[in-house]
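S.K.: here are the coordinates; sequence isn't available:
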């Protein structure tokens, strides 16, 4: 068990979740609902978004088990009464989370390519760390930054893709509801009380691997 690698993943997923939730609050505020802003949730301070189970315990358990970290933060409060067009605006608020993670992944990817261009040895460091060989002795600040950025790409893309699954309370359900008829939307909403059970069931059935493998494979092709 590589403690440094575990710590890196946990730090990155914490900030990926923070970016995701802050984006929901920012979008809601822009569309007329200041609830999240008033409650201090439109911030990149992770403390404001931490859920003890979803943001701390679950990611830690998954990393210890050898799986990529996964989790959630406290939901960002949205008052639909403050929205001019609740159906359309809720779609945009829901989409803001995944979009923010994709943008963060792109930024991390650009910075990673710059570091590799400056210091090609970072590729060997990355390959060694990701294959479980551990970190070589010594201090390698650029290489460690490259590892953080690699996970910044991987975990942000993963978080975005997973949240697009159209099952409440995931963001994909909010996007779907904004695109379908009111009658169909009510049927989707009926799944909400069972949403977490369905999500846990999907995780148990291996949906994580179905999402993770293509992302990891594409990153390996681009880098190695």
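M.R.: That came through fine. Source: prediction; values computed, not measured.

S.K.: Pass me the low-pLDDT residue ranges in this structure, would you?
M.R.: Applying pLDDT under 70 to the chain flags residues 1, 132-139, 224.

S.K.: centroid residue for it?
M.R.: By CA atoms, centre = their mean, the chain has its centre lying nearest to residue 159, at 3.0 Å.

S.K.: For it, what is the enclosing helix or strand?
M.R.: If you go by DSSP states H and E, residue 159 is part of helix 141-163.

S.K.: Just the buried residues of that helix, please?
M.R.: For helix 141-163, the neighbour count (16 or more other CB atoms under 10 Å) marks 143-163 as buried. C-betas here are computed from N, CA, C, even on glycine.

S.K.: now the helices for this protein?
M.R.: Along the chain, counting by DSSP state H, helices occupy 3-30, 35-38, 58-64, 86-118, 121-130, 141-163, 171-177, 182-189, 195-204, 207-223.

S.K.: Let me see the contact set for residue 78.
M.R.: When contacts are counted by CB atoms under 8 Å, 6 or more residues apart in numbering, residue 78 touches 24, 28, 33, 35-36, 90, 93.

S.K.: Of these, keep whichever come out buried.
M.R.: 24, 28, 33, 35-36, 90, 93.

S.K.: and those as JSON lines, adding distance to residue 202?
M.R.: Shown next, in JSON lines, are the buried ones among the contacts of residue 78 (distance: CB to CB, whole Å):
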{"residue": "24", "distance to residue 202": "22"}
{"residue": "28", "distance to residue 202": "27"}
{"residue": "33", "distance to residue 202": "30"}
{"residue": "35", "distance to residue 202": "30"}
{"residue": "36", "distance to residue 202": "28"}
{"residue": "90", "distance to residue 202": "23"}
{"residue": "93", "distance to residue 202": "23"}
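
S.K.: which one of the residues you listed is nearest residue 120?
M.R.: residue 24 (38.7 Å; CB to CB).

S.K.: can you tell me how far residue 219 sits from residue 22?
M.R.: 25 Å (CB to CB, to the nearest Å).
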